[in-house]
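Asks: fold the following and give me the result.
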Amino acid sequence: METMKLDQIKVKSSYLRTNTDIEKLKKSIETVGVIQPLVINGNNELIAGGRRYSALKELGIEEAPVHKIHKSNSEQELMSIDENLVRMDLNKVEFEKCLARGREIYEELNPMATKFEEEDLENNKEDNEIKFDQPNDKRSFIDLTAEKTGLSKKVIKSAIDRDMKSSPKVKELRAHGELNASQTNELIKLDAEEQEQIIDVVKNKSAKEIKDMVKYIKTNGVEKAVEKTLSEPQLPNEYKSLRTLTKRMNKISAKVLLEEFVYTDEDKEKFLKELATLQNNLNQILTINSERSSNYTDELEDDSEASFSSEVTSNEESVEEATF
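Replies: Sure, this is the predicted structure:
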């Protein structure tokens with residue numbers, strides 16, 4: 001290991017994270033110094049340590065320890081990707097892109113390794129287990145990455161699939177936070193051209209709604225699916241959210257009533273007032289959505305014991321997972 005002036009180090013790699021929050025890192029360097037050296041290649045180009053480099057520059061430190069490597073361009077790129085994946089401060093799209101590119105390079109450099117397509121993570125329980133007993137050059141990229149990051153192999157494979165199979169517009173919407181992973185997982189069951197054809201119609205729909213549309217497309221084609229979707233009454237997003245919350249509320253309420261929990265915190269009065277407001281709002285929603293809301297409410301009251309018993313039975317096992 002040697003030291004080098006920072007102004008002699010070239011920062012060119014697109015994988016380097018030189019624009020992230022480094023305040024804690026600066027304090028650490030001020031306290032204990034640089035523990036890990038910067039990694040550079042034979043041309044003095046920075047390969048790994050972008051945050052450390054930025055912290056040193058901001059602290060006004062002119063020299064730093066460096067570790068010079070002599071590897072191929074592909075090996076250098078894989079090292080940069082690996083550092084990003086282990087640190088895991090990438091946004092979701094960057095993370096997926098790094099995984100997909102890392103897998104491509106790794107399999108090119110390790111021809112004897114288990115290939116991405118060879119692992120059946122849906123049906124084979126053994127494939128989901130990390131292969132600690134295999135030589136590293138024969139383990140899959142997913143296997144090694146799962147060990148390094150602590151993520152499951154299924155999560156890693158899904159992330160790579162999203163990057164590999166998403167159309168350009170789907171990727172763009174993902175980057176802007178307009179599509180989540182669950183929605184994208186359904187969309188990529190279609191080819192890229194089909195994704196582009198339906199994306200404007202489905203980008204505001206739930207993963208379940210997209211799943212149903214994809215299933216319809218497989219049987220009837222894109223044009224009929226789009227026509228069918230556009231002709232259907234569109235449920236306001238507020239009602240979609242309310243429907244989801246109602247299901248969760250019913251599960252949690254069933255648990256509270258079953259266990260006869262009593263709210264005893266000091267803000268009890270505030271909590272009860274919020275519940276009363278919720279009750280009033282729900283009654284008004286029932287009224288505006290049903291001409292027979294009063295009869296419906298009476299039916300609910302008459303059948304309350306049977307309804308409660310049924311709710312508890314159907315939700316008792318899943319209620320522990322219910323969260324807001």
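
Asks: contacts, neighbours, all on C-alpha from now
Replies: Will do.

Asks: show me where pLDDT drops low in the stretch 51-200 of the chain?
Replies: Counting by pLDDT under 70, the stretch 51-200 of the chain contains low-confidence residues at 87-89.

Asks: any residues touching the helix or strand harbouring Leu230, and which ones?
Replies: For Leu230, the element it lies in under DSSP states H and E is helix 222-231. By Cα atoms under 8 Å, 6 or more residues apart in numbering, the list of residues contacting helix 222-231 from outside reads Glu194, Gln197, Ile198, Val201, Met213, Tyr216, Ile217.

Asks: distance of the nearest residue to the fourth one once chain neighbours are set aside relative to Ile188?
Replies: By that I understand Val201. Spatial nearest neighbour of Val201, chain neighbours left out: Val226 (7.2 Å); criterion: Cα to Cα, 6 or more residues apart in numbering. Separation of Val226 from Ile188 (Cα to Cα, to the nearest Å): 17 Å.

Asks: thought Ala15 was touching Ile81?
Replies: Careful, residue 15 is Tyr and not Ala. Yes: contact criterion Cα atoms under 8 Å: Tyr15 and Ile81 qualify, at 6.7 Å.

Asks: the more surrounded of those two?
Replies: Ile81 (24 against 19; other Cα atoms under 10 Å).

Asks: please enumerate the strands of the chain.
Replies: For the chain, applying DSSP state E gives strands covering 2-5, 38-40, 46-48, 63-68.

Asks: let me know which of the ones you listed is tucked in deepest.
Replies: Ranked by average neighbour count under the criterion mean count of other Cα atoms under 10 Å, these are headed by strand 46-48 at a mean of 26.

Asks: give me the contacts around that one.
Replies: 9-13, 16, 38-41, 76-77, 79-80, 83.

Asks: quick revisit: quick one: pLDDT of the residue nearest to Val201?
Replies: We have a pLDDT of 90 for Val226.

Asks: now do the one 4 residues further on
Replies: The predicted local confidence for Leu230 comes out at a pLDDT of 83.

Asks: count of residues packed around it?
Replies: For Leu230, the neighbour count with other Cα under 10 Å is 11.

Asks: distance check, it against Leu286.
Replies: Per Cα to Cα, Leu230 is found 27 Å from Leu286.
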